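> Model the structure of this input:
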Amino acid sequence: MAGGGIRGGVSYGATDELGWKAAVNPTYSYDFHATSLHLLGIDHERLTFYHNGIQRRLTDVHGHVIQELLSLKPV
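So this is what the prediction gives:
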């Protein structure tokens with residue numbers, strides 16, 4: 001995401017002492033997709049496709065833009 005609006009080398013969140021689970025700021029692929037689409041100027045809630053008779057979204061119903069990453073502007 002560096003060069004797309006997020007400074008390079010930034011880490012977000014932390015894991016437990018074994019590195020097994022996210023301990024601080026757990027995010028999912030839906031959140032990553034929503035944030036990436038936001039940086040591209042696309043509203044992830046309006047981006048839909050037709051599949052098996054219903055409209056679906058790439059970010060499903062779980063995706064949220066990670067605002068903390070957006071506040072880390074490039075230097």
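
> Which other helices and strands does the top helix by length along the chain contact?
Using DSSP state H, we find that the single longest helix of the chain is helix 29-39. Contacts defined by 3 or more CB pairs under 8 Å, 6 or more residues apart in numbering; DSSP states H and E place helix 29-39 against helix 67-70. Using the backbone N, CA and C atoms, a C-beta is placed for each residue, glycine as well.

> Buried residues in the longest helix of the chain, which are they?
Buried residues in helix 29-39, defined by neighbour count with 16 or more other CB atoms under 10 Å: Tyr30, Asp31, His33, Ala34, Thr35, Ser36, Leu37, His38, Leu39.

> Next SSE downstream of it?
strand 48-51 (DSSP states H and E).

> Give me the distance from the next helix or strand after that following strand to the chain's centre.
Under the assignment DSSP H and E, the closest C-terminal helix or strand after strand 48-51 is strand 54-57. Centroid separation between strand 54-57 and its chain, computed with CA atoms, centre = their mean, to the nearest Å, is 19 Å.

> And stretch 55-63, by the same measure?
Centre-to-centre, stretch 55-63 and its host chain are 12 Å apart (CA atoms, centre = their mean).

> contacts for that stretch?
Outside stretch 55-63, the residues that touch it by CB atoms under 8 Å, 6 or more residues apart in numbering are Tyr28, Tyr30, Asp31, His33, Ala34, Leu37, His44, Glu45, Leu47, Thr48, Phe49, Tyr50.

> could you dump that stretch to CSV, C-alpha only?
What follows is stretch 55-63, C-alpha atoms only, in CSV (Å, rounded to 0.1, in the frame of the first residue of the first chain):
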residue,chain,number,x,y,z
GLN,A,55,-25.9,-8.7,-5.7
ARG,A,56,-22.7,-9.3,-3.9
ARG,A,57,-19.9,-7.0,-2.7
LEU,A,58,-16.1,-7.7,-2.6
THR,A,59,-16.0,-6.6,1.0
ASP,A,60,-19.2,-8.5,1.9
VAL,A,61,-21.0,-6.9,4.9
HIS,A,62,-17.9,-6.9,7.1
GLY,A,63,-15.5,-4.5,5.3
